[in-house]
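Asks: how does the following fold in three dimensions:
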Amino acid sequence: MGKIHVELKNGQRIECDKGISLLDLIKSLYKENKKNIIIAKVDNDLKELNDTLSRDSKVEFLTLSSHEARRIYARGLSFVLIRAAMEVFPGCTISVEHSLNKGLYGEIYKNKKLNKDDIAQIRERMQKIINDDAPFEKLTISLKEAAEFFRRYGQNDKLRLLKYLKSDTIDVYKCGWVYDYFYGSMVPSAGYLKYFELEYYEPGFILRYPDIYTQNSIPEYQDQKKLFLVYREAEQWAKVLDVADVGALNDKVSSGEMGDMIRVSEALHEKKIAKIADTITDNKDKIKIVLISGPSSSGKTTFSKRLSIQLRVNGLRPKAISLDNYFLDRDKTPRKENGQPDFESIDALDIKLINEHF
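Replies: Prediction:
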């Protein structure tokens, strides 16, 4: 069979059999907490733990302290949720939509409106699947087979995606009797997904799981009602534009309708900015400062310029102040727990100078 050499992140070098799986390598290295390892990096490429090593490699094992592992953990939980919901409510369809409250928000469509008791039943079934350590099998099947599965499950969004695949086959995952397609890696089995909470959040659910700072527990719940309303509006608008999923967006591109879709979206954005400007103008005696917040590169500066134009149309003379001009020198920037600069912290800004300019 031959031998290969593996170098771990801590510098340890190991000789092992060529063709050894990452799972078997983990078992040979660690006696406890083997399932804390979610994924591996082999020569800096993400590899599932069922993958094998065929040459000398540098290997790093990732736990929930990494963002990559957390995404894979969430993907596995989503699969368990999909199977559980389909078993509790045969014929239902499940949509995992977006992040919310340090988890994932989604909806379940069935003949009756979803309620708290339904969520409790699904949670119980999820826990059983996890306790049984149901394996996730990666399979390569024909597009025709995949289409049959997705049609049977009512997953029309994935049926649309298949039209644009250039290959004759597709990689899917199987858990129990359920097949599904996921864009990304997966844990070997459901037993890796020990920590989760499933809660009713009208009209759907929130699936919560550990973050990089609370690896063995669920982070503190923080309700984000305004953010949810924004997501909700975006979802409804996507349905109006008939681009509620990637497959539908591909259809628009293929049919040459993207130009119209972009123009309509821009018109909606401008209309909303004009409405904000009108609200500010109507309350100009009370409003002296307008604050625009958002993460890095989210479009705050662009938005402020467009809002300024609408305010000028209303006869006001706004002055834009960009916080990009107030960041402290790098040696004074606060650090995250992992030692990286925290540019999202308010302490990364020269607050004294900002107040002087205000």
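Asks: pretty sure residue 19 contacts residue 55?
Replies: No: here residue 19 lies out of contact with residue 55, judged by C-beta atoms under 8 Å, at a distance of 10.3 Å. Where C-beta positions appear, they are placed from N, C-alpha and C, glycine not excepted.
Asks: show me which residues of the strand or helix carrying residue 263 are buried.
Replies: Assigned by DSSP states H and E, residue 263 belongs to helix 258-282. Within helix 258-282, the residues scored as buried using 16 or more other C-beta atoms under 10 Å are 273, 274, 277, 280.
Asks: correct me, but the second one touches residue 311?
Replies: No: under the criterion of C-beta under 8 Å, residue 274 is not in contact with residue 311, lying 9.8 Å apart.
Asks: could you pull out the helices in this protein for me?
Replies: 22-29, 67-88, 116-131, 143-153, 156-162, 225-240, 246-255, 258-282, 300-313, 351-357 (DSSP state H).
Asks: neighbours of the nearest residue to residue 276 once chain neighbours are set aside, just the number please.
Replies: Nearest residue to residue 276, sequence neighbours excluded (C-beta to C-beta, 6 or more residues apart in numbering): residue 307, at 6.4 Å. Neighbours of residue 307 under the rule other C-beta atoms under 10 Å: 19.
Asks: now do residue 307, the pLDDT please.
Replies: In the prediction, the pLDDT value recorded for residue 307 is 96.
Asks: ditto for residue 1
Replies: According to the prediction, residue 1 has pLDDT 66.
Asks: next, count neighbours for the residue nearest to residue 184 when sequence neighbours are not counted.
Replies: Closest residue to residue 184 apart from its sequence neighbours, by C-beta to C-beta, 6+ apart: residue 75 at 5.8 Å. Residue 75 has 20 neighbouring residues, counting by other C-beta under 10 Å.
Asks: what do residue 274 and residue 311 both touch?
Replies: Common contacts of residue 274 and residue 311 (C-beta atoms under 8 Å, 6 or more residues apart in numbering): none found.
Asks: that older thread, I'd like the buried residues of helix 258-282 as CSV, with distance to residue 60 appended.
Replies: Below are the buried residues of helix 258-282 laid out as CSV (distance: C-beta to C-beta, whole Å):
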residue, distance to residue 60
273, 46
274, 51
277, 51
280, 51
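Asks: pick the one among those residues closest to residue 86.
Replies: Closest approach between these and residue 86, by C-beta to C-beta: residue 273, at 42.6 Å.
Asks: so how far is residue 284 from the closest one?
Replies: 17 Å (C-beta to C-beta, to the nearest Å).
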